[in-house]
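*Asks:* For reference, the sequence and a predicted model appear below.
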Amino acid sequence: MDVQTGETVSRITAQDVHIHNYQRSNAVPVIPPSPVMTPEEAIRRVMENNRNHIEGALDVIDKHNVDLSQIPVVHPLIENTWFFGGEAALADEEYNPSTFNRYVQANIRFDQLLEQRHEFKRMAIIGYPGSGKTTCSRRLAENGSLYCFHLKFMDMNYTEKLTLQQLLIDNQHPELTREVCDLAFRWILDNQEQCVFIFDGYDQVRWSITNAPPKCRITDKLEVSVIVGNLFQKRFLQHSMVIFTSRPHSLVSLHKSVWPDLTVHLWEFSYDDMKRLFRAFAGHRAEDIWNTLESSAPQLIGICHNPLMLQYTIMACLNPSRHVGDIITITRVFSTVLENLAHSEYSKADNNIYEIRDQLSVIAYKATSEKKVVISHEDLLTQDLDIKKVQDLVIVTPGYKGIGSRIFEGELKVYFTHQCTQEYLTAWYIKYHMGVEEFSEFCQNKLFTGHWSTVRRFLCGLLVDDQTTTHRTGGLSAADIARKRQVLLEKLIPQTTMNTDDLQNPGHYQIVNHNVRERFTLFKSQLGDVRECNNDYVTEQAVREFPAHLIFTGIRFTTSEAFALGYVMKKVRKTITRLELHTCYLTSDQFRHIADGIKAMPGSIETLILISNTLAFNAVDAICGILPKITKYFKMWEAFIDDDQEPADLYGDDISRVQDALDAIPNTNLKIYTSRDRILQKQNTSTST
């Protein structure tokens with residue numbers, strides 16, 4: 001082993017380790033290892049400590065007396081994504097994971113992720129807020145057959161330089177002796193192929209790897225970004241596997257030399273898994289809450305496919321002072337969860353939690369602006385806060401006074417329960433504390449970028465939805481807030497409308513211009529903002545300017561996004577020339593939300609493309625229901641998947657059901673392509689092409 005680079009050339013000795021002195025402080029003398037301790041024993045101690053750290057990490061549900069032993073273990077859907085292919089890697093925070101020019105992607109099971117190390121040494125796991133990235137990283141680290149090291153990027157905002165051993169071992173396990181750390185690092189150098197380093201939360205660091213990292217030695221003291229860059233480049237520990245998690249937009253700035261070999265995307269829970277968790281969390285009230293949401297707030301069932309939102313939604317619905325039917329937006333969910341804390345017998349703070357929210361929102365905005373998640377003690381003091389006051393809104397875990405900029409109160413470190421909590425509080429600050437002129441500039445330059453997308457969603461709910469219940473404790477005047485609301489609407493409404501006259505050859509769905517994809521990806525996201533506003537004026541404006549061509553080819557939907565599209569389409573009065581849902585990986589549940597909108601819309605659709613999706617055959621009812629709204633062509637070959645999860649066309653009785661529904665429509669010229677060579681037309685006629 002070359003101890004300068006970590007490359008295997010010969011076996012390193014214990015004396016080699018101490019000659020290079022991988023110590024945590026230059027003032028500590030080199031001490032020869034104990035003859036009793038071996039590298040194997042040392043690495044076992046490190047791994048035991050690593051497991052204790054993972055088990056000690058708090059989840060949102062831990063703070064609300066949920067018995068974790070009764071919660072079934074399920075995983076979100078995991079999918080290969082061609083993140084850095086072709087034109088995808090553009091330096092733009094609005095970027096979303098792309099399937100540009102690549103429509104066939106295989107799903108990966110959770111238990112197959114670590115198996116990828118035989119072919120890929122660098123893997124990125126990406127996902128949107130609350131999608132389960134941290135939980136996934138912890139579960140990977142619990143693998144018993146490999147040596148998996150779980151590290152948090154949020155703990156790596158150091159200002160001083162350090163060595164590779166200090167980053168991976170010493171600073172992660174300060175309670176272990178120097179001898180144990182040195183020998184454990186020696187074991188890692190000698191057994192790289194058995195090691196997996198899992199870094200969680202790249203979007204939570206203040207530094208980035210925008211340039212090619214310089215080639216260095218593992219004994220050098222370096223900036224953290226350089227160490228991580230050399231790990232990602234596989235200059236350090238080249239035979240190990242490196243996995244890191246991140247929100248998608250943060251990967252865009254990565255230098256090409258450190259791009260992962262494989263990128264997988266965490267999406268949502270399947271419908272069945274989501275419902276299993278829903279029942280486990282909601283307990284004896286599960287069926288009552290589920291039925292109420294289905295009838296009065298189906299979009300919240302949609303967001304329950306997201307792991308974090310599932311927990312928060314149930315917590316809000318269990319609030320005895322609120323009717324479930326009143327909780328119909330994500331913002332209302334978060335506001336009600338906060339109300340739960342204010343009245344819960346488990347609330348540990350004696351202070352007014354609404355005042356604490358107002359104070360903590362100032363810190364949250366500052367942290368979000370600086371891309372921070374760790375709350376410093378000094379930040380708390382500026383708002384007359386301490387850990388006791390804020391502990392109902394944050395997670396407190398054991399820490400240490402280590403190198404660099406991590407600032408703890410005593411031996412504790414503090415960060416928000418989740419970034420979504422931080423972003424809700426950030427939106428609160430923007431509504432009640434940001435001046436009108438500053439807000440206008442903020443809307444113009446920042447609010448509609450990827451970094452602020454979740455904040456924007458919450459801001460729509462707080463600033464525009466008149467029925468969002470909040471307890472205001474200070475800030476701007478009502479007149480200033482009204483002006484800010486108008487500024488947001490003036491910016492939001494143009495964002496949710498689109499002139500599609502410039503689309504070239506919209507009927508050619510096989511090739512979609514990248515710019516068109518970006519426009520419709522943003523449009524799809526901001527339909528969710530419209531729903532979050534829960535405002536008739538905003539919805540009517542979006543309906544009035546609804547595009548005639550909707551080109552979603554290759555753009556994947558979440559269930560809540562599908563609901564938002566259907567929600568707006570219910571009121572569309574115009575004729576939509578073309579709605580392309582080609583290769584959107586739509587499930588039956590997602591398609592049902594869109595179909596509900598089509599069925600109820602006063603207008604019509606000339607051509608609907610539903611080719612290459614993942615519908616179950618139970619979606620036939622929804623398909624039959626929308627046929628009267630389609631006037632010319634409906635193409636849906638390979639829109640279904642069979643029992644083997646292979647693409648499939650309609651057949652047998654399902655063909656007959658669609659034919660009967662078509663025959664029941666008076667005076668229609670609709671042609672339905674149920675396969676590449678089968679067309680259904682009215683009067684029970686079927687022709688082949």
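*Replies:* Looks like it came in fine.
*Asks:* So for the spatially most central residue of the chain, what's the nearest residue that isn't a sequence neighbour?
*Replies:* The structure's the chain has its C-alpha centroid closest to Tyr128; by CA atoms, centre = their mean the separation is 1.3 Å. Excluding its sequence neighbours, the residue lying closest to Tyr128 (CB to CB, 6 or more residues apart in numbering) is Arg247, at 6.6 Å. For the C-beta atoms, the positions are set from N, CA and C on the backbone; glycine is no exception.
*Asks:* residues near Cys195, how many?
*Replies:* 21 (other CB atoms under 10 Å).
*Asks:* do the one 4 residues further on as well
*Replies:* Neighbour count for Phe199, taken as other CB under 10 Å: 22.
*Asks:* dump the residue contacts of it.
*Replies:* By CB atoms under 8 Å, 6 or more residues apart in numbering, Phe199 lies in contact with 151-153, 228, 242-245.
*Asks:* Buried ones only from those, please, as a ChimeraX command.
*Replies:* Buried subset of the contacts of Phe199, written as a ChimeraX selection, criterion 16 or more other CB atoms under 10 Å:
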select :151,152,153,228,242,243,244,245
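*Asks:* Which of the contacts of Phe199 fall within strands?
*Replies:* Those of these mapping onto strands are 151-152, 242-245, per DSSP state E.
*Asks:* sorry, back to before: hmm, the residue nearest to Tyr128 is touching Ala124, no?
*Replies:* No: at 10.9 Å, Arg247 does not count as touching Ala124 under the criterion of CB atoms under 8 Å.
*Asks:* any shared contact partners between those two?
*Replies:* Common neighbours of Arg247 and Ala124 (CB under 8 Å, 6+ apart) do not exist.
*Asks:* So those two - more neighbours on which side?
*Replies:* The residue with more neighbours, out of Arg247 and Ala124, is Ala124; 26 against 21, by other CB under 10 Å.
*Asks:* In terms of helix, strand or coil, where does that one fall?
*Replies:* Here Ala124 is recorded as strand under DSSP: H, G, I helix; E, B strand; the rest coil.
*Asks:* how much space between it and Asp203?
*Replies:* Per CB to CB, to the nearest Å, Ala124 is found 11 Å from Asp203.
*Asks:* what sits in contact with each of these two?
*Replies:* Both Ala124 and Asp203 are contacted by Ser246, under the criterion CB under 8 Å, 6+ apart.
*Asks:* what's the neighbour count on the nearest residue to Val333 once chain neighbours are set aside?
*Replies:* Computed as CB to CB, 6+ apart, the closest residue to Val333 that is not its neighbour in sequence is Ala316, at 4.5 Å. Ala316 has 24 neighbouring residues, counting by other CB under 10 Å.
*Asks:* isn't Ala316 right next to Asn340, touching?
*Replies:* Yes: Ala316 lies in contact with Asn340 (CB under 8 Å); the separation is 7.1 Å.
*Asks:* Now the closest residue to Trp290 other than its chain neighbours, what are its backbone angles?
*Replies:* For Trp290, ignoring the flanking residues on the chain, the nearest one in space by CB to CB, 6+ apart is Phe278 at 6.4 Å. Note on Phe278: its backbone torsions stand at phi -60, psi -50 [degrees, to the nearest 10].
*Asks:* who touches the helix or strand containing Leu341?
*Replies:* Using DSSP states H and E, the element containing Leu341 is helix 330-343. Residues from elsewhere that reach helix 330-343, judged by CB under 8 Å, 6+ apart: 300, 303, 309, 312-313, 315-316, 318-319, 321-322, 326-327, 347, 352-354, 357, 392-393, 420-421, 424, 427, 457-458, 460-462, 465, 467-471, 532.
*Asks:* List buried residues within the residues you listed.
*Replies:* Using 16+ other CB under 10 Å, the buried ones in these are 300, 303, 309, 312-313, 315-316, 318-319, 322, 327, 353-354, 357, 392-393, 420-421, 424, 427, 457-458, 460-462, 465, 468, 470, 532.
*Asks:* Which ones among those residues map onto helices?
*Replies:* 300, 303, 309, 312-313, 315-316, 353-354, 357, 420-421, 424, 427, 457-458, 460-462, 532 (DSSP state H).
*Asks:* was I right about Ser137 contacting Thr245?
*Replies:* Yes: under the criterion of CB under 8 Å, Ser137 makes contact with Thr245 at 5.3 Å.
*Asks:* which neighbours do these two share?
*Replies:* 125, 198, 200.
*Asks:* how deep is Ser208 tucked in, by neighbour count?
*Replies:* Other residues lying near Ser208 total 17 when counted by other CB under 10 Å.
*Asks:* Without its sequence neighbours, what residue ends up closest to it?
*Replies:* Among residues not flanking Ser208 along the chain, Ser253 sits closest, at 5.2 Å (CB to CB, 6+ apart).
*Asks:* State whether that neighbour is indeed within a strand.
*Replies:* No: read with three-state DSSP, Ser253 is coil and lies in no strand.
*Asks:* what's the distance between it and Lys152?
*Replies:* Note on Ser253: its distance to Lys152, by CB to CB, is 20 Å.
*Asks:* Would you mind writing the PyMOL command to select the buried ones in the shared contacts of Ser137 and Thr245?
*Replies:* Per 16+ other CB under 10 Å, the buried members of those correspond to this PyMOL selection:
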select buried, resi 125+198+200
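*Asks:* Any chance of JSON lines for the shared contacts of Ser137 and Thr245, columns distance to Ile630 and pLDDT?
*Replies:* Below are the shared contacts of Ser137 and Thr245 laid out as JSON lines (distance: CB to CB, whole Å; pLDDT from 0 to 100):
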{"residue": "Ile125", "distance to Ile630": "39", "pLDDT": "93"}
{"residue": "Ile198", "distance to Ile630": "48", "pLDDT": "95"}
{"residue": "Asp200", "distance to Ile630": "46", "pLDDT": "93"}
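*Asks:* out of the shared contacts of Ser137 and Thr245, who's nearest Phe563?
*Replies:* Taking CB to CB as the measure, Ile125 is the one of those closest to Phe563, at 26.0 Å.
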